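Novice: how would this look folded up:
(chains A, B, C and D)
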Number of protein chains: 2
Amino acid sequence: MLAQALQTRLVAGEWPCGSAMPSEQTLADEHQVALGTMRRALQLLEERGLVDRVHGKGTFVRQGLAGATMLRFFRFGQTAGEVPLSSIVSCKTTAASAEVATSLQLPPRADVIRLQRLRLFDGEPCLFEEIWLPAHRFSQLLKREIGEWHNLLYPFYAEVCGVHVMRAVDQISFAALTAQQARQLKLPAGHPCAVVRRVASDLQGNPVEYRVSRGDAYAFTYSATIT
Amino acid sequence: MLAQALQTRLVAGEWPCGSAMPSEQTLADEHQVALGTMRRALQLLEERGLVDRVHGKGTFVRQGLAGATMLRFFRFGQTAGEVPLSSIVSCKTTAASAEVATSLQLPPRADVIRLQRLRLFDGEPCLFEEIWLPAHRFSQLLKREIGEWHNLLYPFYAEVCGVHVMRAVDQISFAALTAQQARQLKLPAGHPCAVVRRVASDLQGNPVEYRVSRGDAYAFTYSATIT
DNA sequence: AAGTGGTCTAGACCACTCT
DNA sequence: GAGTGGTCTAGACCACTTG
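Specialist: Down below sits the predicted model:
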């Protein structure tokens, strides 16, 4: 398939994230196919979320996810598009647990960076996040002061470590808060909470972040459409 | 847009649910466009979930949803594809509450059929459902004995009332069980439960069913992908 | 004005399904 | 073998963006 050949070139990094690809005609010539065929292949890449096509401008390699997407699961009263403040609770390098190693496709007890982060709305804690990152790809992160970190991590990963998050899979379940989690969220221990386990991946499909977010179950909301 | 013109013919009921549409060439002639143009229009209709295209056979108007889809939100130990048994708890005609009338786009206090249904796995109750249907479209339902009802309601709606459910929007939240709900599910009152509010619509986009399903929050699971 | 993607044409050939 | 959708070609013209 032509689209697959194009995707291989793209994933190999031939065109940097955010840059414009060659025009349809140029690519068609390079692959020695008709223009219409190349158009169809590029449309497939757009459907797969790998590129953005803009009429009159060109075809661009996607930049990556913005990162404010966790709040689509909760209603805390924030207005649309508003990003809650973040507070890094802890940040240290450690050995991956079995759960973390499996999720990140790392060998057992591999080095990972472990973050704990609290997200605040109106000064009140609303989300408690634990985040694990493969140490070998994120070492640059530790050279930055905590105060320099952005509220949105994904663009920060791209800027500091060159890691572009292109895709995330969220697994939602439900549990009771432990005493430690409850303390962070200023809720009683045992309070019901929604748990979102996320594995984020880069363009090559390699997992680059494992994140577990917890928030008040009664603030949870989500909509899904079946067709 | 050509696809819109085709969709209008389809929604008007020109080709019955499940039947084959005319071939690409025939449709292209009817609309006086080139074959390739009609192909793309049909591909759009397939992306919108209105038709199924089968290589070598033809293009078919979609039958509607099967209906076993509520269990994609829960893990009760059932094996894949297995449909849990249903037990109708009550069935009566009543006046729509504000919530129900709004969801079904009916005038206030319009006549609706109200069902209560328990879904069972291994003899144990796992889901409690309340279902409201517009009385004017589902009057045939009341002429059937409860024992004749199928476990899957959507194909039953189609068979008995000619109503084909093509699309459903699920709104998920969490709450505590009321005493009555808890009794049905054999759980303690106040136990956390996942609530799925569903509005199901037909081909024309008219809402035809409003359903609220409740199950043990600790059995809840769902996966979503962000791109 | 030049370059881009979006739509459309009028064919050709291939792969699949059914009788 | 007849009929279907799937892929591809080699153009034409239009709409949008930028210098």
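Novice: Closest residue of chain A to DNA strand D?
Specialist: A:Gly56 (2.5 Å; C-beta to the nearest atom of the strand). C-beta: built from backbone N, CA, C; applies to glycine.
Novice: for that residue, helix, strand, or coil?
Specialist: coil (DSSP: H, G, I helix; E, B strand; the rest coil).
Novice: I'd like to know how far it sits from A:Ser23.
Specialist: Computed with C-beta to C-beta, to the nearest Å, the distance linking A:Gly56 and A:Ser23 is 12 Å.
Novice: For the residue of chain A closest to DNA strand D, report the pLDDT, please.
Specialist: On pLDDT, A:Gly56 comes in at 96.
Novice: Please tell me how far the closest residue to A:Ala20 other than its chain neighbours sits from A:Gly49.
Specialist: In space, A:Ala20 comes closest to A:Gly58 once its chain neighbours are excluded; the distance is 4.3 Å by C-beta to C-beta, 6 or more residues apart in numbering or on different chains. Separation of A:Gly58 from A:Gly49 (C-beta to C-beta): 17 Å.
Novice: what's across from the residue nearest to A:Ala20 in the sheet?
Specialist: Per DSSP bridges, the residues bridged to A:Gly58 are A:Val54.
Novice: and if you look at A:Tyr222?
Specialist: Beta-bridge partners of A:Tyr222, as defined by DSSP bridges: B:Ile172.
Novice: Which parts of chain A belong to which domain?
Specialist: Segmentation of chain A into domains, based on automatic domain parsing, reads A:2-61, A:68-219.
Novice: most packed of those?
Specialist: Stretch with highest mean neighbour count among those: domain A:68-219 (a mean of 17; mean count of other C-beta atoms under 10 Å in any protein chain shown).
Novice: for the record, mean pLDDT for that domain?
Specialist: Domain A:68-219 comes out at a mean pLDDT of 94.
Novice: now A:Pro207: how far from A:Pro134?
Specialist: A:Pro207 is 8 Å from A:Pro134, by C-beta to C-beta.
Novice: so what sits against both of the two?
Specialist: Shared contacts of A:Pro207 and A:Pro134, defined by C-beta atoms under 8 Å, 6 or more residues apart in numbering or on different chains, are found at A:Leu104.
Novice: sorry, back to before: the domains of chain A into TSV, with extra columns for distance to DNA strand C?
Specialist: Shown next, in TSV, are the domains of chain A (distance: least, C-beta to the nearest atom of the strand, whole Å):
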stretch	distance to DNA strand C
domain A:2-61	3
domain A:68-219	19
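Novice: Redo the ones you listed as CSV? Include distance to B:Gln43.
Specialist: Shown next, in CSV, are the domains of chain A (distance: least, C-beta to C-beta, whole Å):
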stretch, distance to B:Gln43
domain A:2-61, 10
domain A:68-219, 24
